[in-house]
Each structure stands twice: as structure tokens, then as C-alpha cells.
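K.L.:
Fold the stuff below for me.
(one chain, ligands or ions: 2)
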Amino acid sequence: MSYVIGVDLGTSAVKLLLVNKTGEVVREVTKEYPLIQERTGYSEQNPEDWVKQTIAGLKQLVDEFNGKADEIVGLSFSGQMHGLVLLDEDNQILRNAILWNDTRTTEQCQEIYEKVGKERFINITKNLALEGFTLPKILWVKENEPEIFEKARTFVLPKDYVRYRLTETLHMDYSDAAGTSLLDVANKEWSKEICELLGLNISICPQLVDSHENVGKITQNVADQTGLSADTDVFAGGADNACGAIGSGILSEGKTFASIGTSGVVLSYELTGDKDYGGKVHYFNHGEKDTYYAMGVTLAAGHSLNWFKKTFANELTFDELLKGIGEVPVGSNGLLFTPYIAGERTPHADSKVRGSFIGMDSSHTIKDFARAVLEGITFSLNESITIFRENGKEIDTIYSIGGGAKNKDWLQMQADIFNAKIVRLKSEQGPGMGAAMLAAFGSGWFPSLKDCADTFLEDAETYTPIKENASKYEELFTLYRQVYTQTKQLNDSLMTFRK
Ligand SMILES: Nc1ncnc2c1ncn2[C@@H]1O[C@H](COP(=O)(O)OP(=O)(O)O)[C@@H](O)[C@H]1O
Ligand SMILES: O=C(CO)[C@@H](O)[C@H](O)COP(=O)(O)O
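P.N.:
Numbering: from 1, shown residues only. Ligands and ions are numbered 1, 2, ... in the order given. All right, here's what the predicted structure looks like:
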């Protein structure tokens, strides 16, 4: 039997999956690493931690594997998007990576619009200039750490750096490059115009490749450290959301997923790169060659539930906290939550806004609060679905993935709020499975990613909207949508009191 490995380089941990030719996950290893948050709004990681934990994870996977190492023929990656890794002329790391959830770059986003022009910028990159994306981070280093920037010769994204350390070849795939704000998304090339207008040398942009492309073999040194064969092929891999899409079969027009992990994502397949959402949602290159996807992002989805549990019910597991929320009526007995606890992206690109509970009553219990948190997160994701529908997309079935898909009441709530059929897949691995599928397709096991998905993926359960709930949620959603504008001014004034 032959096997491939999917390496999912996430924000809190690297998850590695060993997958056989039928798509069965035969081994799984997770290795965590820390987040470095020295100031409010700062979020960094040491790339060396990613490399160390990926190699340790690969070694554990090979040690626990019953077969022979040379049966593992290839590996590929899914990576947290947008994080800036700056390298010098010897490809040495110049500073910690600045991550996707770092929001220090509001000024640089403004500068990008001033120098490139907002309309032109959206035209080229298909996206807004957001604090989380890579280009404003490059400008921040240029302006605030000029002595470091002077030594920078190349920038890459998190998984590209790990891949470089495994193969000693440096590349970036289109799906991840799309999140840098430097790629001409429709034409699949680095934007000379944006680089010139912002005083950047285009040579800092690495060589572009497709996600399934073979970029070489692991080095002998890595083979020695992990026990893998030095003949193991490495395929470029993709952005975590592109890989999540591959791993949940979002490979044809009309297919959509909702992912509730730390962040929340609603992603829908696009055959071409010429649709115009005017920057309202992200529009990126897919991990499948020459196709695209549109997506909306809730910055704190699972993170909101995590925060609520840690702050008010730390002794409970998620299952204990959520037990019985199915009995709380739709609308949580008049309690409404907005999940803006780390700012928001879609539909409000606002890193400063913060969340709220509206309608608190002395009769409310922790169960009302827990249900309100789930409803608020799901309403936020529904904002993205609404934009898709307003732009002519038909969304009647949504694949639900990520930690949020573990709770049946939440899956039913998604069906009722999205007013669409919700499907849970047998494997909730999403991005890691997508990475493994890129290696499987790249290794020639299947003629296309779609064929791979037909073999690897299987539906587990389906949830259909309950009419009565769906109509109550429609009413509540209009109230939810008013909270942002009605609390914006208050939030701005409260800013000065934040840590
Ligand atoms: N049993 C559960 N029921 C509902 N939600 C859960 C459960 N377990 C975890 N979660 C949610 O899923 C989130 C983690 O999802 P995951 O997809 O693993 O995220 P990431 O890959 O971003 O770390 C947690 O923050 C939590 O909010
Ligand atoms: O910023 C985005 C997408 O634009 C995030 O989706 C990151 O890619 C991180 O993902 P997780 O670590 O939460 O999975």
C-alpha cells in the first residue's frame, strides 16, 4: 500500500495526517507551538518552532507507522495564511513571523490606498487592503525596522518556509500568494505596479507554482531526522482555506463550506477570476489549478466560544457547556451576541470594533449565554452567505467543517440560520485532508482532484432547516445586523480604556 502525508501548519499547532490510497486517515499527530503577543494587536511566531514541531511530528508519524517508510511516497502542506516571514540573502530568518491575526498595520493599509488608489488596488488584488494581509506587514517592517528590512531579500508565507527547510527550495503557490495583496489574482502574476507604487523591489517575491506541483524531494538530513525515505516527493501545497475547500470537496460551481475553527469562514467555489465582489468578500486563487473561490471571514468564531468558556466556565468541556442548549428557544430568550471580540473582517473590515451581549436579563442562565454565543457566531457567518446570495450565488447545501461541526445542536442551528441543508463529512480534517489530496493527486494516483475527492470523501449526516426556526432567525438576523452600526460610536469611545 502507498501513503501520503498532509501537513496542516495551523496557528496553534501543526497537524499531520498519514492517509492511504482509499483516503483513510491511518495515523494522526498534533504538535503545538506558542503564540508571541508582546503588545495588544501584535501576534507573532518563531518560524523555527514550526520547523522543529513539523520534523518532530513527521518522526512520530513514521515511528508509529506499521508499514515501511518508503511506502510513504509524498507529502504536501496546508498553511495558515498571510503571515510574513522575511529572509536574508542566505535565506536566514530576519525576525519573528508577523501573523494573519496581527492588527498593527492600520496606517499601512491607508498608505496602500493612498499610493495605489483603492479602486485600482481592488481591481488588481480582488481584495481590500486588510491589516491581516502580508503587504501591509512588509511596509510596517520597512518603516519601523529599516535595519532589518535592508537585509531582506525574499518574503515567504509560513508553510513555504517549512517546505524550504524540508527541501531547500523556495516557492510560493498561487492560493497562498493571493492573500499577500501583491498578486494580480486574475492574471496569476506578481503585481509590478503595486510594488513600484509602494517602493518595493519585485525581486522580494518568490517563484510562483501550482499547489499540486512537485517542488523536489526531502533532503537527506530531514530523511535522517524523521525516518522518511530520502525519495519522498514534496508538493507545494496551499493556503489553509484552499486546502479546506479541497478536503471538503468544494471543487465545482455552487459548492460551499462553512468552517468554524478559531476563525470562521464561508467559502464558495468560483470557476473564473473575473467576478467582481468589489472587495466585500475575499476572492482568491484556489488550490485546484486555474480556479478560484470567494470567502467571508469571521475573525473570532470558535475563538468567541473558547473565550466564553475560558472566562465563565473554564472547568467545563465544550460538550458539558453546550449540553442542553438545544432546549433553549431560538433567540436565547432575548439575548443577542456579536462575536467582534477581536475585531471583524466580513462584512465590516474593522479591527477596532468589539463584541457585545444585548438584552441581558436577570433570568438568563449560562445556557442562554452559551446559545447566544453560538447564534452570534452563526449570524456573523450568515452575513457572508447573504453577500454571496445577493451576488447571484445559489446556496442550498453547505458542508460544515472545523471544531464547530462537532455539536449536533450547532449543526441544526446552522441549517436554520443559513436556511440551507448542512452536510457533515465523515472526515472533519478539512485542510490536512486537502493537503494529503494534493500529494495524492501530485503523485499521479488520480487524474484530477475531483476524482480524488470522489474516492477520499464521504458524507456522514445531513441537517435540513426547520421552517419555524428559520423564519424566527430571519427576524433575529435583521436585529443582529443593526448592532454593528448602533455600537460603533460607543466602541470607538471605549477604545481609550482598553489595555
Ligand atoms: N465539542 C465541541 N463542540 C462545539 N465546538 C467545539 C467543540 N470542540 C471545539 N469546538 C470549537 O472549535 C474550535 C476549534 O476548532 P478547530 O477546527 O480545531 O480550530 P483551529 O484549527 O483553528 O485551531 C474551538 O475554539 C471551539 O470553539
Ligand atoms: O486569515 C485567515 C484567512 O484569510 C485565516 O483563516 C488564517 O488562514 C488562519 O486560520 P486558522 O489557524 O484559524 O485555521
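K.L.:
Residue of this protein nearest ligand 1, please.
P.N.:
With C-beta to the nearest ligand atom, the shortest gap between the chain and ligand 1 falls at residue 403, namely 1.9 Å. (C-beta placed from N, C-alpha, C; glycine too.)
K.L.:
how near is that residue to residue 309?
P.N.:
12 Å (C-beta to C-beta, to the nearest Å).
K.L.:
Next up, the contacts around residue 181.
P.N.:
When contacts are counted by C-beta atoms under 8 Å, 6 or more residues apart in numbering, residue 181 is found next to 112, 121, 125, 127, 129-130, 133-136, 194.
K.L.:
make it 6 Å
P.N.:
By C-beta atoms under 6 Å, 6 or more residues apart in numbering, residue 181 lies in contact with 125, 133, 135.
K.L.:
Can you read off the pLDDT for residue 221?
P.N.:
For residue 221, the pLDDT comes out at 98.
K.L.:
count of neighbours near it?
P.N.:
Residue 221 has 13 neighbouring residues, counting by other C-beta atoms under 10 Å.
K.L.:
Check residue 62 too.
P.N.:
Close neighbours of residue 62, defined as other C-beta under 10 Å, add up to 20.
K.L.:
Residue 341 now?
P.N.:
Residue 341 has 17 neighbours, counted by other C-beta under 10 Å.
K.L.:
contacting residues for it?
P.N.:
Here residue 341 is in contact with 300, 304, 307, 355 (C-beta under 6 Å, 6+ apart).
K.L.:
so where does residue 4 fall, helix or strand?
P.N.:
strand 3-9 (DSSP states H and E).
K.L.:
by contact count, what packs against that strand?
P.N.:
strand 13-20, strand 72-79, helix 158-167, helix 431-442 (3 or more C-beta pairs under 6 Å, 6 or more residues apart in numbering; DSSP states H and E).
K.L.:
hmm, try it at 8 Å
P.N.:
strand 13-20, helix 47-64, strand 72-79, helix 158-167, helix 240-247, helix 431-442 (3 or more C-beta pairs under 8 Å, 6 or more residues apart in numbering; DSSP states H and E).
K.L.:
Report the rounded mean pLDDT for that strand.
P.N.:
Computed over strand 3-9, the average pLDDT equals 98.
K.L.:
hmm, that strand in reach of ligand 2?
P.N.:
No: Strand 3-9 lies out of reach of ligand 2 by C-beta under 6 Å from any ligand atom, never closer than 8.3 Å.
K.L.:
re earlier: compute the number of surrounding residues for the residue of the chain closest to ligand 1.
P.N.:
By other C-beta under 10 Å, 17 other residues sit near residue 403.
K.L.:
hang on, the earlier thing: how big is the angle separating the strand holding residue 4 from strand 72-79?
P.N.:
If you take axes from the mean of the first three to the mean of the last three C-alpha atoms, to 10 degrees, strand 3-9 sits at 20 degrees to strand 72-79.
K.L.:
isn't residue 89 right up against residue 153?
P.N.:
Yes: counting by C-beta atoms under 8 Å, residue 89 touches residue 153, with 4.7 Å between them.
K.L.:
Read off the pLDDT value for residue 74.
P.N.:
Note on residue 74: pLDDT of 98.
K.L.:
who's in contact with it?
P.N.:
4-5, 232-235, 439-440, 442-443.
K.L.:
Kindly report the same for residue 19.
P.N.:
Residue 19 sits next to 3-6, 25-26, 433, 436, 440, 456 when contact means C-beta under 8 Å, 6+ apart.
K.L.:
Please indicate which of those are buried?
P.N.:
Neighbour-count burial (16 or more other C-beta atoms under 10 Å) applied to the contacts of residue 19 gives 3-6, 25, 433, 436, 440, 456.
K.L.:
May I see these arranged in a markdown table, with distance to ligand 1 as well?
P.N.:
Shown next, in a markdown table, are the buried ones among the contacts of residue 19 (distance: C-beta to the nearest ligand atom, whole Å):
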| residue | distance to ligand 1 |
| --- | --- |
| 3 | 23 |
| 4 | 20 |
| 5 | 18 |
| 6 | 13 |
| 25 | 15 |
| 433 | 12 |
| 436 | 16 |
| 440 | 22 |
| 456 | 19 |
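K.L.:
how many neighbours does residue 90 have?
P.N.:
Neighbour count for residue 90, taken as other C-beta under 10 Å: 7.
K.L.:
Tell me the spacing between it and residue 211.
P.N.:
From residue 90 to residue 211 the distance is 27 Å (C-beta to C-beta).
K.L.:
for residue 383, same thing?
P.N.:
29 Å.
K.L.:
Then residue 341?
P.N.:
Residue 341 is 33 Å from residue 211, by C-beta to C-beta.
K.L.:
likewise residue 412?
P.N.:
Applying C-beta to C-beta to residue 412 and residue 211 gives a distance of 34 Å.
K.L.:
now residue 489
P.N.:
44 Å.
K.L.:
out of the two, which sits in the more crowded spot?
P.N.:
Shown here are residue 489 and residue 211; by other C-beta under 10 Å, residue 211 has more neighbours (30 against 9).
K.L.:
List phi and psi for that one.
P.N.:
phi -60, psi -30 (degrees, to the nearest 10).
K.L.:
Quick check: it touching residue 284?
P.N.:
No: between residue 211 and residue 284 there is no contact under C-beta under 8 Å: 11.9 Å.
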